[in-house]
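Colleague: return a 3D structure for these sequence lines:
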Amino acid sequence: MYQQRRESHVEARTELEAADGRFATSRGFTFLVGLALGWFALIDGSLAPVWLLAPLGIFVGLFIGHARSARRLDRARKAVAWYDRSLDRLDHRWDGVGVSGQRYADDDHPYANDLDIFGDGSLFQLICGVRTRLGEDTLADWLSCGSDLETVRQRQRSIGELRGLIDFREDLALLDAEVHDEFNQNQLRKWVTAEPRRIGRNRRIAATVLGAAAAATLVGWVIGFGLAPFLIVVLFEILFFATMMREIRHIAAEADDAGSGLSILTQVLELLERHEFTTPSLAALRSALNTDGRPPSWQIRRLRNLIQKLNNCLQNQFFGPIAFLLGVPVHVVDRVEQWREHIGPHIPEWLEAVAQIEALSSLAGYAFEHPDDPFPELIDESAGPCIEATEIGHPLLASDKSIRNDLQLDPQRRLLMVSGSNMSGKSTLLRTIGINAVLALCGAPVRAKSLKLSPLVVGTAMRVSDSLQQGESLFYSVISRMKSIVELSGQSPPLLFLLDEILQGTNSHDRRVGAEGIIHQLAQRGAIGLVTTHDLALTAIVDSFDGQADNIHFEDHLVNGRMYFDYRIRPGVVEKSNALELMRMIGLEVGDDPADTEAR
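Modeller: As a prediction, the model looks like this:
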């Protein structure tokens, strides 16, 4: 589908590039003809000047036609580039391309850093296709915390409808307004909640009278009635504006902040206003944009124009003096505040509709590009926490590199203790479970043959490190993280914990005792989860769970001096380690394992 649409846009681009060349040539030829006719009409005198109207009319027509063709050409080029990026995503060449969401990264978040939710190569970067900060914030929020079952089901239905609307997503992607990181439509939301500060009627009348007097006395001076009346009026205007200049500049500065990103917001609103949706939740969002008077896009454009006019009054060195002479800033400031008073109450609802539809559209694009990924089956938590996955894989890995596994956690099997050698896939398994749970609980499809789960809160401890700046050792950072995860448990919804190399940084005895205590505390609080370990002594913790826990492991195979992994889950505890072999493979001289020597 993407390839066919790209080829169509490539053909259009080729035709428009040829047309662009023809327009340029025709304009040049018409200009030369006009010069020749101008010579004969204005200098030589052999032609009547009326002959100049023909090349002038043709040139104007060519100019208008060329401008329209140039806009279509620009759109065709953007479309080809957009489909190139889309095809790259399908070929898993998307890392580092697009909005990374790094601004939402938080080392203290329960799982975002460990599961690659934000940053280069992240889930956010893979999914995000929004055009406003509103959409970015909403998508980031959905990926940062799960939602209740009804909300997730509504999103699934909405994504199901939006999935096939390729034209809609293409139109959204090709909107031509500039977008920069500093553009933030949330400033508008904040601005409209403040109390409007209208300019008083008497001051507006005074500005009108002074402006009219300035214009009249200026004309009088020009026609010979003297300069003194004009200077007297200007003096009164200086005194008048001196009493309110600080207020005008303060209002203008606030309005200018609120105007951040209004151009792209206007275009997104125009696009939404042209569409109707059938899914109830989408239709409800779209209905928020229905108004009795002018549509939201017109109102936002009007605000943008007012802010631009106000900035010209205060900053434009040519228009500014004229504007102050005529009292224009007073009236423009009042119109801005009048807009805030009358239209402002509708803004939060409009912005929320834009934010949610954009976020849903991004998830729909992800769903379209992964047609084999199903929506998860959501079950009520009344029967206890549950996650049951068949052929689950990691969505950030290429399909040919993602090994699928099955697993199940529920009240009868609260813990899976994962052992295995280095690089065998233990950490990837935890991230696979966690990131699919995040996708499921924000309403998106999951990378699995099937996934059934109840509402869960995800808590992870994987990429814990020491901190030189804060003076924290590795072990202190680890136990601090453990404390935050324990605090997440015992609430509703239940916790899904994913602990990689639990309690690293301390001796084996303390690690064994501490890990068992923490895991039992989590289980007693109703949590379910997975724990990985290299310390095989920790696998005995399973025996203290009275059948509510199991050991699973990953294996490796050494063939002709090379290590091979199949990344498949197997029951039980791993029976060998590859650490010494890995050290030997990279050239480190290490002794033989006493156990191996004894066996030989």
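
Colleague: rest of the way, CA atoms for contacts and neighbours
Modeller: Will do.

Colleague: residue nearest the centroid of the chain?
Modeller: In the chain, the residue lying closest to the centroid (Cα atoms, centre = their mean) is residue 136, at 2.9 Å.

Colleague: list the contacts for that one?
Modeller: Residues in contact with residue 136 (Cα atoms under 8 Å, 6 or more residues apart in numbering) are 101, 128, 130, 355, 359.

Colleague: repeat for residue 37
Modeller: Neighbouring residues of residue 37 by Cα under 8 Å, 6+ apart: 47, 51-52.

Colleague: and it, how far is that from residue 100?
Modeller: To residue 100, residue 37 is 58 Å away according to Cα to Cα, to the nearest Å.

Colleague: ditto for residue 203
Modeller: Counting by Cα to Cα, the separation of residue 203 from residue 100 is 49 Å.

Colleague: pick out whichever of these two has more residues nearby.
Modeller: The neighbour comparison of residue 203 against residue 100 (other Cα atoms under 10 Å) goes to residue 100, with 22 against 14.

Colleague: the more buried one looks like it's in a strand, true?
Modeller: No - under DSSP: H, G, I helix; E, B strand; the rest coil, residue 100 sits outside any strand and is assigned coil.

Colleague: surely it touches residue 119?
Modeller: Yes - if you go by Cα atoms under 8 Å, residue 100 and residue 119 touch, sitting 4.7 Å apart.

Colleague: list residues touching both of the two?
Modeller: Common neighbours of residue 100 and residue 119 (Cα under 8 Å, 6+ apart) are residue 125.

Colleague: domain map for this structure?
Modeller: Domain ranges of the chain: 1-91, 186-199+244-367, 377-599, per automatic domain parsing.

Colleague: how about TSV for the ones you listed, with mean pLDDT and distance to residue 152 added?
Modeller: Putting those into TSV (pLDDT from 0 to 100; distance: least, Cα to Cα, whole Å) gives the following:
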stretch	mean pLDDT	distance to residue 152
domain 1-91	91	25
domain 186-199+244-367	92	11
domain 377-599	84	5
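
Colleague: closest to residue 211 out of those domains?
Modeller: Nearest of the domains of the chain to residue 211, taken as Cα to Cα: domain 186-199+244-367 at 3.8 Å.

Colleague: that closest one: how far from the chain's middle?
Modeller: Chain-centre distance of domain 186-199+244-367: 21 Å, with Cα atoms, centre = their mean, to the nearest Å.

Colleague: and if you look at stretch 166-186?
Modeller: Taking mean C-alpha positions (Cα atoms, centre = their mean), stretch 166-186 and its chain are 11 Å apart.

Colleague: now do the same end-to-end measure for that stretch.
Modeller: Terminal residues of stretch 166-186 lie 28 Å apart, using Cα to Cα.

Colleague: what does stretch 79-98 give?
Modeller: Using Cα to Cα, one end of stretch 79-98 lies 15 Å from the other.

Colleague: picking up where we left off before, most neighbours among the contacts of residue 136, please name it.
Modeller: The most crowded member of the contacts of residue 136, judged by other Cα under 10 Å, is residue 359 (27 neighbours).

Colleague: and whichever strand or helix holds residue 4, how far from the chain's centre?
Modeller: In the assignment (DSSP states H and E), residue 4 maps to helix 2-38. Chain-centre distance of helix 2-38: 36 Å, with Cα atoms, centre = their mean.

Colleague: likewise stretch 495-513?
Modeller: In terms of Cα atoms, centre = their mean, the centre of stretch 495-513 is found 35 Å from the chain centre.

Colleague: same question for stretch 126-139.
Modeller: How far stretch 126-139 lies from its chain's middle: 3 Å, per Cα atoms, centre = their mean.

Colleague: average pLDDT for it?
Modeller: Stretch 126-139 comes out with an average pLDDT of 94.

Colleague: quick one: terminal-to-terminal distance for that stretch?
Modeller: 12 Å.

Colleague: quick check: which of the domains of the chain is nearest to residue 215?
Modeller: Nearest to residue 215, of all the domains of the chain, is domain 186-199+244-367, at 7.0 Å by Cα to Cα.

Colleague: distance between the ends of the closest one?
Modeller: 28 Å.

Colleague: what's the answer for stretch 232-250, then?
Modeller: Start and end residues of stretch 232-250 are separated by 28 Å (Cα to Cα).

Colleague: which parts of that stretch are buried?
Modeller: Using 16 or more other Cα atoms under 10 Å as the test for burial, stretch 232-250 gives 233-234, 237, 240-241, 248-249.

Colleague: ok, so of those, who is nearest residue 84?
Modeller: Looking across these and measuring by Cα to Cα, the closest to residue 84 is residue 249, at 46.0 Å.

Colleague: which ones are touching that closest one?
Modeller: Residue 249 sits next to residue 314 when contact means Cα under 8 Å, 6+ apart.

Colleague: can you rerun that using 10 Å?
Modeller: By Cα atoms under 10 Å, 6 or more residues apart in numbering, the contact set of residue 249 is 255, 310-311, 314, 329, 333.

Colleague: do a quick rundown of the helices in the stretch 401-550 of the chain.
Modeller: Per DSSP state H, counting those that start in this stretch, the stretch 401-550 of the chain carries helices over the ranges 426-442, 474-488, 508-524.

Colleague: using JSON lines, lay out these together with distance to residue 345 and mean neighbour count.
Modeller: Converted to JSON lines, the helices of the stretch 401-550 of the chain look like this (distance: least, Cα to Cα, whole Å; neighbours: other Cα atoms under 10 Å):
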{"stretch": "helix 426-442", "distance to residue 345": "29", "mean neighbour count": "24"}
{"stretch": "helix 474-488", "distance to residue 345": "37", "mean neighbour count": "18"}
{"stretch": "helix 508-524", "distance to residue 345": "46", "mean neighbour count": "17"}
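
Colleague: can you list the ones you listed in JSON lines and add distance to residue 224?
Modeller: Formatted as JSON lines, these follow (distance: least, Cα to Cα, whole Å):
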{"stretch": "helix 426-442", "distance to residue 224": "75"}
{"stretch": "helix 474-488", "distance to residue 224": "83"}
{"stretch": "helix 508-524", "distance to residue 224": "93"}
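
Colleague: for residue 271, which of these is the nearest?
Modeller: Nearest of these to residue 271, taken as Cα to Cα: helix 426-442 at 24.7 Å.

Colleague: for that closest one, list the C-alpha coordinates in CSV.
Modeller: Presented in CSV, the C-alpha positions along helix 426-442 are these (Å, rounded to 0.1, in the frame of the first residue of the first chain):
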residue,chain,number,x,y,z
LYS,A,426,16.7,-12.7,30.1
SER,A,427,16.6,-8.9,30.1
THR,A,428,15.0,-8.8,26.7
LEU,A,429,12.2,-11.1,28.0
LEU,A,430,11.5,-8.7,30.8
ARG,A,431,11.4,-5.7,28.4
THR,A,432,9.2,-7.7,26.0
ILE,A,433,6.6,-8.3,28.7
GLY,A,434,6.8,-4.8,30.0
ILE,A,435,6.6,-2.9,26.7
ASN,A,436,3.7,-5.0,25.5
ALA,A,437,1.8,-4.4,28.7
VAL,A,438,2.4,-0.7,28.2
LEU,A,439,1.0,-0.9,24.6
ALA,A,440,-1.9,-3.0,25.8
LEU,A,441,-2.9,-0.6,28.5
CYS,A,442,-2.8,2.5,26.3
